[in-house]
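A.B. asks: A predicted structure for the sequence below; I have some questions about it.
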Amino acid sequence: MTVPLEVHPDPAAAARRVASLIAERMRAGAFTIALSRGAELLARLTEEDVSWPEASVFQVDERIAPPDHEDRNVTQLDAFLPRRVFRPMPVEEPDLETAAARYASELPGAIGLVHLGLGPDGHTASLVPGDPVLDVTDELVAVTQEYQGHRRMTLTYPALEAAREIVWLVTGEEKRDVLARLLARDTTIPAARIANTHQRIITDSATVSGGS
């Protein structure tokens, strides 16, 4: 499977391109999207001409931490989007497995568009190297082991593979090598194991060239 690659002049231009794609889909009618962390993208989304109340916005993943914790992804969503338009993952509940199952039950059969990022270690969403969640095949949302100080709630491979479209935003020279592995479909990294055939990667020239 070959994933199309778009290269833009800089990270801001790449973020604007992803924002314009999301806005285009939303303007076509009621739409469901799942967003990852990314202040640059969220800022660009607020500049687009879209009707947010007609959209259903879910989270791709979330750190299990108190509601005011600075590492929470929902903090960025709150900064840019009206709370009424998105559905935060219920990571504050005592029974996380039940909470994950309930969140999964709220998802549509196929999310319209999923925005993904890429970590330097090859993770995406909170599908991180070595975690048992990588082997989940019968749940759409699951809870990970601890990673970088937090357990997380995340969409699983089945949820991502059912999505109608996946758009990656990958910027930063430190991502050059792992982006090459994603493009080569190196399935030793979690990101490359997503089998959805409707994917595209949007990046910037420095990430591809390493600034050379």
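C.D. replies: Sure, I can see it. Numbering: from 1, shown residues only.

A.B. asks: Please write out the alpha-carbon positions of whatever helix or strand Arg176 lives in in PDB.
C.D. replies: Using DSSP states H and E, Arg176 sits in helix 176-183. Extracted in PDB, the C-alpha atoms of helix 176-183 (Å, rounded to 0.1, in the frame of the first residue of the first chain):
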ATOM      1  CA  ARG A 176      12.500  12.800   9.100                       C
ATOM      2  CA  ASP A 177      13.700   9.200   9.800                       C
ATOM      3  CA  VAL A 178      10.400   8.000  11.200                       C
ATOM      4  CA  LEU A 179       8.400   9.500   8.400                       C
ATOM      5  CA  ALA A 180      10.600   7.600   5.900                       C
ATOM      6  CA  ARG A 181       9.800   4.400   7.800                       C
ATOM      7  CA  LEU A 182       6.100   5.200   7.700                       C
ATOM      8  CA  LEU A 183       6.200   5.800   4.000                       C
END
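
A.B. asks: by contact count, what packs against whichever helix or strand comes after that helix?
C.D. replies: Next along the chain after helix 176-183, taking DSSP H and E as the criterion, comes strand 199-204. On a contact count with 3 or more C-beta pairs under 8 Å, 6 or more residues apart in numbering; DSSP states H and E, strand 199-204 meets strand 5-8, helix 11-27, strand 166-170, helix 176-183. Placement of C-beta: from N, CA and C, glycine included.

A.B. asks: hmm, back to that, next one: the helix holding Arg176 to chain centre, how far?
C.D. replies: Distance of helix 176-183 from the chain centroid (C-alpha atoms, centre = their mean, to the nearest Å) equals 17 Å.

A.B. asks: List the contacts of it.
C.D. replies: For helix 176-183, the surrounding residues in contact (C-beta atoms under 8 Å, 6 or more residues apart in numbering) are 3, 5, 118-122, 168, 170, 188-189, 191-192, 201, 203, 207-210.

A.B. asks: rewinding a little: of all the helices and strands packed on strand 199-204, which one comes closest to Tyr103?
C.D. replies: Taking C-beta to C-beta, strand 166-170 is the member of the helices and strands packed on strand 199-204 nearest to Tyr103, at 19.1 Å.

A.B. asks: Quick check: which of the helices and strands packed on strand 199-204 is nearest to Arg72?
C.D. replies: Of the helices and strands packed on strand 199-204, nearest to Arg72 by C-beta to C-beta is strand 166-170, at 19.7 Å.

A.B. asks: Please name the strands paired to the closest one in the sheet, noting orientation.
C.D. replies: Within its sheet, strand 166-170 is paired with strand 113-116 (parallel), strand 199-204 (parallel), according to DSSP bridges.

A.B. asks: Tell me what angle that strand forms with helix 176-183.
C.D. replies: Interaxial angle of strand 166-170 relative to helix 176-183 (axes from the mean of the first three to the mean of the last three C-alpha atoms, to 10 degrees): 160 degrees.
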